[in-house]
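Student: Predicted model follows, preceded by the sequence.
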Amino acid sequence: MKKIIIAIFVAFVSVAAGAQEQQQVMEQSVNDYNIVSDEVVDGVRYVTATPSAKVCSKQIDIEIKDGIIQKVVYTRGCEGNAKGIGALIKDMSVEEAIRRLDGITCGKRGTSCPDQLARILKAL
């Protein structure tokens, strides 16, 4: 009986450790955006980033002036949704955009194009 209990405990610990490892891998892949360029010209901050491979868009270009988003353009992905996001957050503060977009998921990906934008904005 003790051997059965020990075997069940070991199996449970192994499953829990595997789930934790899988969660860490997922978090890493969700956060694997890359800020390609970040420069300020005449008071406007121009940021180009590549989002996580888990989302459909391949690049996000952001313009910020005085903490206010002037423009966001997604390359590839769902064109209508990407244009909609850009239109909705135009003239919004960076903090408000992060608050509204952070944590939005797309299916089982654990992230989304809006969430990636929020993560990139948080990193700036």
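Tutor: Arrived safely, thanks for sending.
Student: For residue 72, grab the count of nearby residues.
Tutor: 25 (other C-beta atoms under 10 Å). All C-beta spots, glycine's among them, are computed from the backbone N, C-alpha and C.
Student: Looks like residue 89 contacts residue 72 (just checking).
Tutor: Yes: counting by C-beta atoms under 8 Å, residue 89 does reach residue 72; the two are 6.2 Å apart.
Student: Which stretches in the protein count as strands?
Tutor: With DSSP state E as the criterion, the chain has strands at 34-41, 44-50, 59-65, 68-75.
Student: and residue 69, what does it touch?
Tutor: 62, 63, 89, 90, 91, 92, 93, 94, 97 (C-beta atoms under 8 Å, 6 or more residues apart in numbering).
Student: In the beta-sheet assignment, what are the partners of it?
Tutor: residue 64 (DSSP bridges).
Student: What confidence value was assigned to it?
Tutor: Looking at residue 69, its pLDDT stands at 98.
Student: right, and residue 71 touches residue 63 too?
Tutor: Yes: with contacts counted by C-beta under 8 Å, residue 71 reaches residue 63, the gap being 4.2 Å.
Student: Please work out which residues outside stretch 108-124 touch it.
Tutor: Contacts for stretch 108-124 (C-beta under 8 Å, 6+ apart): 26-27, 30-31, 33, 35, 38, 45, 47, 49, 51-52, 54-57, 60, 62, 64, 72, 74, 77-78, 81-82, 85, 94, 97-98, 101-106.
Student: still on that earlier bit, how about a markdown table for the strands of the chain, with distance to residue 124 added?
Tutor: Listed next are the strands of the chain as a markdown table, based on distance: least, C-beta to C-beta, whole Å:
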| stretch | distance to residue 124 |
| --- | --- |
| strand 34-41 | 7 |
| strand 44-50 | 7 |
| strand 59-65 | 8 |
| strand 68-75 | 11 |
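Student: Much appreciated, bye for now.
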